[in-house]
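> Following is a predicted model, sequence given first.
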Amino acid sequence: MNKTLALLVRALRTESRDIKSHLFRLALAMFVVLILWLGQSAMAFESAPGRLMFKWMTVANWVFITLAGGTFFSVAISEETEQQTLGLLRMANVSPLSLLLGKWLPRMLTAIVLISIQFPFTWLTVTLGGVSWQQIWASYLMLLAHLVLVGNLGLLASVLNPSSAKACAWTFAGMLIARFLPLFCWGAMEYGTLKGWVTSASSQTFWNQVVLPLNSWTASGRLFGEILATSFKGSAWNSQVISNFCIGAGLFVVAWLIFDPATMRHMSGGPERKSLLSRLFNRTTRSSAASWDWALGWKDFRQVGGGLKSVLAKTGLYVILFGSIFYINRTFGTNVVDSLHMTSRVTAIIIFWGLLPLELCFLAAKLFRPELNDQTWSTLLTLPKSLPEIAYSKVAGAMLGMIPTLCTLCVCSSPFIGDLLSSLRRSPEALLWITYLLSTVFLALHLVTLFSISIDWAAWPVAIILGVGVTFFGNLLIWVFSAVFMLGVSGGSSESLLYVWVTLLSCGNLAVAGVTHYGIGLRLIAKGAQS
Amino acid sequence: MSSPVIEVDKVTHLFKDHRALNGISFEVGAGTLHGFVGPNGAGKTTTLKLICTLLRPQTGRIRVFGMDVRTDVKAIRQKLGYMPDHFSMYKQMTVYEYLDFFAAAYGHVSKRREVIVGDVLALTDMEGRKDDLIQGLSRGMQQRVSLARVLVNDPDLLLLDEPASGLDPRARIELMEILRELRRMGKTIFISSHILSELAELCDSVTIIDRGKTKYSGPMDDLLYAQGEQPVFRLRVEVDTDQWGAKLPALQGVTAVEPVEGKPEFRLTVSSAEIDANSMLTQLLAMGVPIAGFQRDQRKLNDAFMDLTERGVRT
């Protein structure tokens, strides 16, 4: 017990000395004040402003807990492994249970304190109207259960992985699988009913008995489907709360039971046990490849872009994706030409809205991080080249790894280029929206890069979350502000004012991206001198 | 001293409130092997980073090959090779790929790179390991690859920060051999190290710094023979130590004879530097002393280091 307390006190002391945690609390306080202001402004046009404010606060807390679980809890044990202090703690006879509790408790306390300080503000939502006390209790219990589940999932990932970045990636992958696997299975069953492999009744039963209950077990399902509804009459204790507490406790017990076997190898500093794939492809020797004359591009094409093997693998995957969508289209009975058109359209949409942004985010987050981790950045900076030459060569080299994605996008969207251009001719104002979208993406990528070189633990997953999150919520807040302001000033929206506003926002995004770009340069120079 | 390759003149550098360098000044001559010594936190790595242009001097001036590190960054980088105090490697690459990459980054074309990489692999005795992944190499081997990387550009000046740190005795001796070979090739080597005995053997000149200030900078011999002090010779006799101990004070110019405890040896202090080893040896032979060994006694670099640097924890 003393050892757990010692770890708890150490963690709280460290946290209290860290300026970042205080800044984070300040940001949260400002966010609550902002929501209060929005609630007050909404009184002009909303019959129940309290409910609006309550909705904002609850959703923000849910997002915060989900992100904190994926990052803050996922580094609990792996940060000790990375700092090579885990072995020292075990040699001091700190048991796995004490260690887990000592690392888990301060995080849980910090999260609970952060959420509970908002409680007085939540009272205001009742005063403002539209929210019941029952609803508030239910939401706080729901959030607590979600925190326990996500925190323990992160803790387990942290025990299993010696690297903080990997632990974060595992936690988010776990959350995504838990959320979408049932839906995916149901989709597969629905497809089976079309082909006659599965009966319609079986698919319906699966939906009713598996997908819906599992959905009600998730915080997001309950939050958006029940708690935020106007007519909420449910109980605070329901299947989501109980299941999340139970599964969370179960994950903690698993982390405890596997602690020694999972961390022993990390502590001894011995070689990692390699997966079958790693053992097949990773050897101690291999025939060396000659560098291109454009050396920096060559290196980052291999290091960040994945190299030739990755390009071939991606090309193959896109062919499979295209083929699968085409096959599904054909099963609906459309002819070959229509199927090809439809497949191209769907593939282009999947790439443009899903895979391309994802790949860009990964590229931005991993562009400089490996250099900082391997302490090679200072060596690169001693080359007779300027910082922009080095940095832009890296970007260009890494971008070569995106050739399959960009080529597939071009090929799949080529049948619709004519339609797109004629649409733009008809309504040229759409260009403003496209510029705004591109400026947002540009800003997000810059922020991801900046965070990836500024954060010390779990850098690239956290950088992606923070970069995208800050851009999205920053823009969202500005939109909400402007909507409230416009309604307050003119009592209605004007189309031309909207276009001016979109143009201003695009310029704003680009200006912030420019400042971030400069900041990245300064940070990279500082990192070169540090390492 | 030959014409200076590095000129550091009254350089001060601050990191927030911490004064890492406080008016440090020294010079390094061309073709010399120059040791750079100081306690932890004395400012050695900061000085190296300033010289290799990773940091910009805040006050004072640093010139490398006569060029200012503030303005001639690219030209200086082209002429020097910097080996940091940590392994700075792409561990997923093979040794050949790593060296070939840096050779290409320095602008060498493909055909020329093959020759260069072959040469540096031969010099560092890594030819047999060229297709090994760097992550599988031992510490000593990785250090050799690091040194090979520094050499791919055939730099005139090598800046080595703690190159022998963490190496086993064999790897250390082999590294020192490579450095001697590089000096024979005419390279100027500026080496920061804590292994003073090896520096004393290896270096022509040395700079000792402490708390950001230069405590000594000049030839190694001047430091070890402690200029201004009375010369001391060490004499080892074959037999009858007591008898010779009584006779030795009669030698011309000898002011003190001090027997070395537990050994048939004496330390002879002479009155002035004019009495050199030759004249002393002539006198000893004339006296009929059965000489087993004779040499001028030098201070250890450790002693000089302890004398010049201050006690206490650096902040």
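All right, it came through fine.
> in which helix or strand would I find the nearest residue to A:Thr58 once chain neighbours are set aside?
If the residues on either side of it in the chain are set aside, A:Thr58 comes closest to A:Ser139, at 5.0 Å by Cβ to Cβ, 6 or more residues apart in numbering or on different chains. Using the backbone N, CA and C atoms, a C-beta is placed for each residue, glycine as well. Using DSSP states H and E, the element containing A:Ser139 is helix A:133-160.
> Report the distance from the helix or strand following that helix to the chain centre.
Moving toward the C-terminus from helix A:133-160, the first helix or strand encountered (DSSP H and E) is helix A:164-195. Centroid separation between helix A:164-195 and its chain, computed with Cα atoms, centre = their mean, to the nearest Å, is 16 Å.
> which residues are in contact with whichever helix or strand comes after helix A:164-195?
Later in the chain than helix A:164-195, the nearest helix or strand by DSSP H and E is helix A:200-206. Outside helix A:200-206, the residues within contact range by Cβ atoms under 8 Å, 6 or more residues apart in numbering or on different chains are A:Cys185, A:Trp186, A:Met189, A:Glu190, A:Gly192, A:Thr193.
> same question, stretch B:250-263
Residues beyond stretch B:250-263 that count as contacts (Cβ under 8 Å, 6+ apart) turn out to be B:230, B:234, B:236, B:241, B:245, B:248-249, B:265-272, B:275, B:280, B:283-284, B:287.
> So which bits of it are buried?
Residues of stretch B:250-263 classed as buried under the neighbour-count rule (16 or more other Cβ atoms under 10 Å in any protein chain shown) are B:Leu251, B:Gly253, B:Val254, B:Val257.
> follow-up on the earlier one: around the residue nearest to A:Thr58, how many other residues sit close by?
26 (other Cβ atoms under 10 Å in any protein chain shown).
> I'd assumed A:Val59 was in contact with it.
No. A:Ser139 is beyond contact range of A:Val59, at 10.0 Å (criterion: Cβ atoms under 8 Å).
> Where does the closest residue in space to A:Ile136 that isn't next to it in sequence fall, secondary structure wise?
Beyond its immediate neighbours in the sequence, the residue positioned closest to A:Ile136 (Cβ to Cβ, 6+ apart) is A:Thr122, lying 5.5 Å away. If you go by DSSP H and E, A:Thr122 is part of helix A:119-128.
> Specify the angle between that helix and helix A:133-160 in degrees.
Using axes from the mean of the first three to the mean of the last three Cα atoms, to 10 degrees, the inter-axis angle of helix A:119-128 relative to helix A:133-160 is 150 degrees.
> name the helices or strands packed onto helix A:119-128?
Of the remaining helices and strands, those touching helix A:119-128 by 3 or more Cβ pairs under 8 Å, 6 or more residues apart in numbering or on different chains; DSSP states H and E are helix A:19-42, helix A:49-71, helix A:133-160.
> which residues are contacting it?
With Cβ under 8 Å, 6+ apart as the contact definition, helix A:119-128 has outside contacts at A:32, A:35-36, A:39, A:43, A:48-51, A:53-54, A:57, A:131-133, A:136, A:140.
> Buried among those? Make that a ChimeraX selection.
The buried subset of the contacts of helix A:119-128, as determined by 16+ other Cβ under 10 Å, is captured in ChimeraX by this line:
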select /A:32,35,36,39,48,49,50,51,53,54,57,131,136,140
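> hmm, stretch B:181-200 in reach of chain A?
No. If you take Cβ under 8 Å from any Cβ of the partner chain as the test, stretch B:181-200 misses chain A, and the best it gets is 14.0 Å.
> Output that stretch as CSV - backbone C-alpha positions only.
Once non-C-alpha atoms are left out, stretch B:181-200 reads as follows in CSV (Å, rounded to 0.1, in the frame of the first residue of the first chain):
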residue,chain,number,x,y,z
GLU,B,181,46.2,6.7,-38.9
LEU,B,182,44.0,9.7,-39.7
ARG,B,183,46.5,12.0,-38.2
ARG,B,184,49.2,10.5,-40.4
MET,B,185,46.9,11.2,-43.4
GLY,B,186,47.0,14.9,-42.4
LYS,B,187,43.6,15.4,-40.9
THR,B,188,43.1,17.8,-38.0
ILE,B,189,41.3,16.0,-35.2
PHE,B,190,39.6,17.8,-32.4
ILE,B,191,38.6,15.1,-29.8
SER,B,192,36.7,15.5,-26.6
SER,B,193,37.2,12.7,-24.2
HIS,B,194,37.3,11.7,-20.5
ILE,B,195,39.9,9.0,-21.0
LEU,B,196,42.9,11.2,-20.1
SER,B,197,45.6,8.6,-20.2
GLU,B,198,44.9,7.9,-23.9
LEU,B,199,44.6,11.5,-24.8
ALA,B,200,48.0,12.2,-23.2
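> number of nearby residues for residue 22?
You didn't pick a chain, so chain A it is. The burial count assigned to A:His22 is 12, neighbours taken as other Cβ under 10 Å.
> looking at chain B here, not the other one
Here the count is done by other Cβ under 10 Å, and B:Asn22 has 17 residues near it.
> Now do the same contact list for the nearest residue to it once chain neighbours are set aside.
If you skip the residues right next to it in sequence, B:Asn22 has B:Gly212 as its closest partner in space, 3.7 Å away by Cβ to Cβ, 6+ apart. When contacts are counted by Cβ under 8 Å, 6+ apart, B:Gly212 is found next to B:Thr12, B:His13, B:Arg19, B:Ala20, B:Leu21, B:Asn22, B:Gly23, B:Ile24, B:Ala42, B:Gly43.
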